[in-house]
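Q: Got a predicted structure here, sequence first:
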Amino acid sequence: MIIRPNRRQFIAATAGASATAVVGASAAWAGPTARQPPNLLLILADDLGWSDTQPYGGEAFTPNLARLASGGQRLTHFYNIGKCYPSRASLLTGQLNHRAGFGGGIALDTGTARGSGPYRGYLAPETPTLAELLSRRGYRSYISGKWHLGEAPEHWPDQRGFDRSFGLISGASSHYELLQERERTRVMARDGIPWTPPDSGFFSTDTYGEMAVEMLRDHERSHSAQPFFLYLAYTAPHFPIHAPREDRARYRGRFAGGWDLLRRERFARLRELGLIDERFAQTPRPSGILGWDTVRDRGVWEQRMETYAAMIERMDRSIGQVLARIQAMGQLDNTLIVFASDNGASHEDVSGRNLHRHDSAIGDRGSYESIRAPWAWAANAPFQFHKDTPYEGGIASSAIVHWPGGIASNRVCRERFHFADVVPTMMELAGQDVEGFYGRSMIPALRGETTPPRSLFTAHLAKAAFISEDWKLVRPGSSAPWSLFNLADDPVEAHDLASREPDRVAHMAREWTSIARREGVRGIA
């Protein structure tokens, strides 16, 4: 069954994946066997590190993601925007984040002045969502989980094409309750009506999966003649890091070696899995991160990572329940499934918010903690940096695509994809013309076909990147100079070649600027 294969079986299966072939060589594809357009399942984790799941060398027990990986393809470079809401905006519209309305921050529904155009801070009404587009092709659309694309009711998912909706409208909250901070109100809603969790028995990850299953049951009862699109958007493992005690207990002592050892272990497993090679050199520990042997409160640090891993396992268990429901419907082979994270692991230290109750153990209700920069550095192995940066550790998600009816299984695809590719991919399968998107269909590459070269553009709050062929231009802030990396030789961005290649920098900067002007990025000279 999907939900609970034992650990020994899973580890053996994962170890065998090291001989995985690479898409782009000779990939056989049997062709679609579906009698109707495929169902579509988009699963999004929140602030998950590149190598946090077992298909990518992580410690968290994720047998359901492992099954998807062995029955589908592991993607190594699925580019996002580096932060929650601009990534989600691109993911659901097929456009870059500025065109979708998220060049800056999010507009709060508390009297805060909203921006305009590319900086309005809510999903642009003139930019249709995937749900709105699919409704024209006869699909029923459902969302369970985090929205974070507009906090005023007129911007909620029930107003943007979703037939059923449940979850957190806001960006983050306690996983045990609807937490209210002094400066903002957190909102959950069900089918367009504000919803408050019960006083006990609520855990967000579990409830998102349960509500998704309820929606699928309703679909089977009342709309089985139509294909479905389900957007399952977890808030795990976003801070505050929360997990039930029984889940945390399974990881007790697992991280006693600290982040230096953990990162080395992940490098070793990633090599065994065939996901990285000798070009992925281990980079020195960042200057702001202490060596584990100098840390005094190691027990507290261990608890943070134990809770984080438990969150990921709990999410996988919830995913398993949704997959089991689709399997019971007889639709698993005819469902395209995409799993990814909205950005890299988060380095954020949230202690300054003063929301942690000091009588609460890390992971319990009332605690408010994060894994912080040291563990995020390990979680994003083999890359450097983290969420909210334009480096690979911030914007290059690992991802899994599963569709037995349409793509080969148990393969690694090293093609560079973008979050904006999801909409044209799914619209192509729905039988719709895919012109007019920033993204392009992923299906040819997933079938092993040679695809035309492309460039990839990133801009959000003065953080910028531009990838052309194997070259990457990076600028972490408006006052910083451009850095240049050759990703073919240096995929971990360890060697800045800008001073050696000034002409290339100038040329790529002009290309980035041209796209930035077109998209409405502010501050372009």
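A: Received, thanks. Numbers count the residues shown, from 1 in each chain.

Q: pLDDT weak spots in the stretch 1-150 of the chain?
A: 1-35, 109-114 (pLDDT under 70).

Q: Is there a neighbour count for Leu497? I'd like the number.
A: Other residues near Leu497 come to 16 when the count uses other C-beta atoms under 10 Å. Any C-beta I mention is one placed from the backbone N, CA and C, and that applies to glycine too.

Q: Can you read off the pLDDT for it?
A: Looking at Leu497, its pLDDT is 98.

Q: SS state for it?
A: Classification of Leu497 using DSSP: H, G, I helix; E, B strand; the rest coil returns coil.

Q: just checking, it touches Phe485?
A: Yes: using C-beta atoms under 8 Å, Leu497 is in contact with Phe485, at 6.6 Å.

Q: Pull out the buried positions in the one helix or strand Arg74 maps to.
A: Secondary structure from DSSP states H and E places Arg74 in strand 73-79. For strand 73-79, a neighbour-count test (16 or more other C-beta atoms under 10 Å) marks Gln73, Arg74, Leu75, Thr76, His77, Phe78, Tyr79 as buried.

Q: can you check stretch 467-481 too?
A: Ile467, Ser468, Trp471, Lys472, Leu473, Val474, Arg475, Pro476.

Q: Can you tell me what sits against that stretch?
A: Contact partners of stretch 467-481, identified using C-beta atoms under 8 Å, 6 or more residues apart in numbering, comprise 79, 389-391, 416, 453, 455-456, 462-466, 482-489, 493, 498, 504-505, 508-509, 511-512, 523.

Q: So which of those sit within helices?
A: Arg504, Val505, Met508, Ala509, Glu511, Trp512 (DSSP state H).

Q: so who does the fourth one touch?
A: Applying C-beta under 8 Å, 6+ apart, one finds that Ala509 lies in contact with Phe466, Leu473, Trp482.

Q: The second one now?
A: Contacts for Val505 were tallied using C-beta under 8 Å, 6+ apart; they are Leu473, Trp482, Leu484, Ala498.

Q: again, 6 Å this time
A: Neighbour list for Val505: Trp482, Leu484, Ala498 [criterion: C-beta atoms under 6 Å, 6 or more residues apart in numbering].

Q: what's the distance between it and Phe437?
A: 29 Å (C-beta to C-beta, to the nearest Å).

Q: same deal with the first one?
A: Counting by C-beta to C-beta, the gap between Arg504 and Phe437 amounts to 28 Å.

Q: More neighbours: which of the two?
A: More crowded of Arg504 and Phe437, by other C-beta under 10 Å: Phe437, with 20 against 16.

Q: ok, for that one, nearest residue in space, not its chain neighbours?
A: Gly94 (3.7 Å; C-beta to C-beta, 6 or more residues apart in numbering).

Q: Hmm, Val422 and the one you found touching each other?
A: No: using C-beta atoms under 6 Å, Gly94 is not in contact with Val422, being 7.2 Å away.

Q: Look up phi and psi at the closest residue to Pro194 other than its chain neighbours.
A: Counting by C-beta to C-beta, 6+ apart, Pro194 lies nearest to Val187, which is 6.2 Å off, once chain neighbours are set aside. Per-residue torsions, Val187: phi -130, psi 140 (degrees, to the nearest 10).

Q: Tell me if I'm right that Val187 and Gly171 touch.
A: No: the criterion here is C-beta under 6 Å, and Val187 misses it with Gly171 at 10.6 Å.

Q: Mind listing what's buried along the helix or strand containing Met211?
A: Element membership of Met211 [criterion: DSSP H and E] is helix 204-222. Neighbour counts using 16+ other C-beta under 10 Å place 204-213, 215-216, 219-220 of helix 204-222 among the buried residues.

Q: can you give me the strands in the stretch 151-300 of the chain?
A: In the stretch 151-300 of the chain, the strands defined using DSSP state E, counting those that start in this stretch lie at 164-168, 188-190, 193-194, 228-233.
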